[in-house]
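Asker: the following block contains a protein sequence and its predicted model.
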Protein chains: 2
Amino acid sequence: MNITRKKRTRLYRDIVAQIRQLIQDGSLAPGDQLLPERQLAEKLGVSRSALREALTALDSMGMIDITPGGGAYIRKIGVESLIEPLAAIMLKEKESVYELLEARKIIEVQVAGLAALRASKTELYQIKEAATEMHNDVINNRDAGESDLNFHLAIARASQNGVLYNIMEMLSGLMREAYVPSRNELLRDPVHTQVWCQQNFQIYEAIKNKDPEAASRLIREHINTAEERLRLIDDGEAE
Amino acid sequence: MNITRKKRTRLYRDIVAQIRQLIQDGSLAPGDQLLPERQLAEKLGVSRSALREALTALDSMGMIDITPGGGAYIRKIGVESLIEPLAAIMLKEKESVYELLEARKIIEVQVAGLAALRASKTELYQIKEAATEMHNDVINNRDAGESDLNFHLAIARASQNGVLYNIMEMLSGLMREAYVPSRNELLRDPVHTQVWCQQNFQIYEAIKNKDPEAASRLIREHINTAEERLRLIDDGEAE
DNA sequence: TTATTATTTTGGTCAGACCAGAATAAACCA
DNA sequence: TGGTTTATTCTGGTCTGACCAAAATAATAA
């Protein structure tokens, strides 16, 4: 298990690469605990400081989870770990929120069409579940933002395309990351959220009926109305 | 009984946040050199080890560039730094290449439509440039893969949507990252690449004429044919 | 001036130490 | 015996100081 030191490469990079390799090989599965720093350092033939830098990098990448006194554990990686740096890259101006919405619209409209063609029974069930959960949130006057996102993600999952699903997950995360006070205001409005839920159930029906055109159209309308209302609120605040 | 476990703040995270803040504030611009480790550590009131872990994290995130003996410099961040971890998440099976193509198709078709509506003169010029460059590559029998990607990225830039552009950049990077030997074979076929170039010029014309329908349709055909050929090659190899 | 050689600076790595909190073993009491 | 408390070990977090190699810079010689 000794590291083979290449020239000029930072030692910590070698170690990171090695651990990532072990994860990819399956030698280290998510949830596994790696050896304590001192032992691992000795096993790899490096000092604790060097190993520590590697662990720091892995931690900042979200690949491992370190708890003081407890140890370091392999974490199953998801796009969530990339959303924060993504936000730093993509969301530099306020206007980018609308670019985000535009991107979401483009992708979700198509994704809904795919979902209508491909959704399995269990995925249909999950979509329905998400819709009802959001409905519950709304009638209980709770924040429906999260359940709404779950609804859209369930649809993306039903598209049977992992890449598209991950992109949707990113965009949802960015939506959350972006500072959009108007969004909260939108989610608080009981009238709109009511309509919103109704739309969601219509979308579910369209997907269930394997009607991609209807699903796409409904999603487009859904997002369009949300976008318009957001713009109204923002413009109102500007004065 | 509240069991919310308090998370001890890791020092390196504070430092990372602090430096990122300085970048966002503009106090540190890309290209700037930060203080030497020893000085910076003293200035921040932490040990060199702690600071070093922060720098390691920033380095692994691609936010700074460290050269031994030279110093550490702020680097302009782009999605490139995220592509490698993204690949680890998204591209676990071979079939995902086709998911990637499907995602590209969905996004690019729409993006081309937007570009037809919004492209400025300089962006039109850039698209044309990219197309001719690819043409040059083809007639000189060079690898046209990179210039082809540039062509598509130029279109994405013309869509005036930074989020979509970044997504396209990601997908292009993933395309490169994915091990697709058939893609190389595809790019070597002189007949096919010839047609390819012709299609690119047609797409350029459609965008120039502000005809979103035509642009979308042409892009769709473009990618469809490429996908079909890829599938043919892959199926042929499978036997 | 230019080329060469010292010297300093900078990051890279290492070793060992101490602390605080978590995990575990031991002791204790009911 | 079983559960609670206490002591001990283990683990990560941080610090100090040291040495090395390569890069940057200053000093020197041609």
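Answerer: Perfect, thanks for sending it.

Asker: worst-scoring helix or strand of chain A, pLDDT-wise?
Answerer: helix A:181-188 (a mean of 74; mean pLDDT, DSSP states H and E).

Asker: hmm, who's touching that one?
Answerer: A:143-145, A:148, A:175, A:192-193, A:226, A:229-230, A:233-234, A:237 (Cβ atoms under 8 Å, 6 or more residues apart in numbering or on different chains). For every residue, glycine as well, the C-beta is placed using N, CA and C.

Asker: of those residues, buried ones?
Answerer: When the contacts of helix A:181-188 are checked for burial by 16 or more other Cβ atoms under 10 Å in any protein chain shown, the buried set is A:144-145, A:148, A:175, A:193, A:226, A:229-230, A:233-234.

Asker: average model confidence for stretch A:111-120?
Answerer: Confidence for stretch A:111-120, expressed as mean pLDDT, is 97.

Asker: helix, strand or coil for A:Y73?
Answerer: strand (DSSP: H, G, I helix; E, B strand; the rest coil).

Asker: touching, it and A:D59? I think so.
Answerer: No: contact criterion Cβ atoms under 8 Å: A:Y73 and A:D59 do not qualify, at 10.7 Å.

Asker: joint contacts of the two?
Answerer: Common neighbours of A:Y73 and A:D59 (Cβ under 8 Å, 6+ apart) are A:65-66.

Asker: those two - which one has more neighbours?
Answerer: More neighbours surround A:D59 than the other of A:Y73 and A:D59, with 20 against 15 (other Cβ atoms under 10 Å in any protein chain shown).

Asker: what sits closest to that one if chain neighbours are left out?
Answerer: Excluding the flanking residues, the one nearest A:D59 by Cβ to Cβ, 6 or more residues apart in numbering or on different chains is A:I66, at 5.3 Å.

Asker: how close does that neighbour sit to A:R176?
Answerer: 25 Å (Cβ to Cβ, to the nearest Å).

Asker: low pLDDT regions in chain A?
Answerer: A:1-8, A:236-239 (pLDDT under 70).

Asker: sec struct for the residue sitting nearest the centre point of it, please.
Answerer: Geometric centre of chain A, nearest residue: A:E169, 3.1 Å, by Cα atoms, centre = their mean. Following three-state DSSP, A:E169 is assigned to helix.

Asker: hmm, it is touching A:V79, no?
Answerer: Yes: in this structure A:E169 lies within contact range of A:V79 using Cβ under 8 Å: 5.0 Å.

Asker: doesn't A:Q160 lie inside a helix?
Answerer: No: read with three-state DSSP, A:Q160 is coil and lies in no helix.

Asker: now stretch A:133-143: buried residues?
Answerer: A:133-135, A:137-138.

Asker: just put the contacts of helix A:181-188 in JSON lines and tack on distance to DNA strand C and secondary structure.
Answerer: Shown next, in JSON lines, are these (distance: Cβ to the nearest atom of the strand, whole Å; DSSP: H, G, I helix; E, B strand; the rest coil):
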{"residue": "A:D143", "distance to DNA strand C": "30", "secondary structure": "coil"}
{"residue": "A:A144", "distance to DNA strand C": "34", "secondary structure": "coil"}
{"residue": "A:G145", "distance to DNA strand C": "31", "secondary structure": "helix"}
{"residue": "A:D148", "distance to DNA strand C": "35", "secondary structure": "helix"}
{"residue": "A:M175", "distance to DNA strand C": "33", "secondary structure": "helix"}
{"residue": "A:H192", "distance to DNA strand C": "43", "secondary structure": "helix"}
{"residue": "A:T193", "distance to DNA strand C": "40", "secondary structure": "helix"}
{"residue": "A:A226", "distance to DNA strand C": "42", "secondary structure": "helix"}
{"residue": "A:R229", "distance to DNA strand C": "45", "secondary structure": "helix"}
{"residue": "A:L230", "distance to DNA strand C": "42", "secondary structure": "helix"}
{"residue": "A:I233", "distance to DNA strand C": "43", "secondary structure": "helix"}
{"residue": "A:D234", "distance to DNA strand C": "43", "secondary structure": "helix"}
{"residue": "A:E237", "distance to DNA strand C": "43", "secondary structure": "helix"}
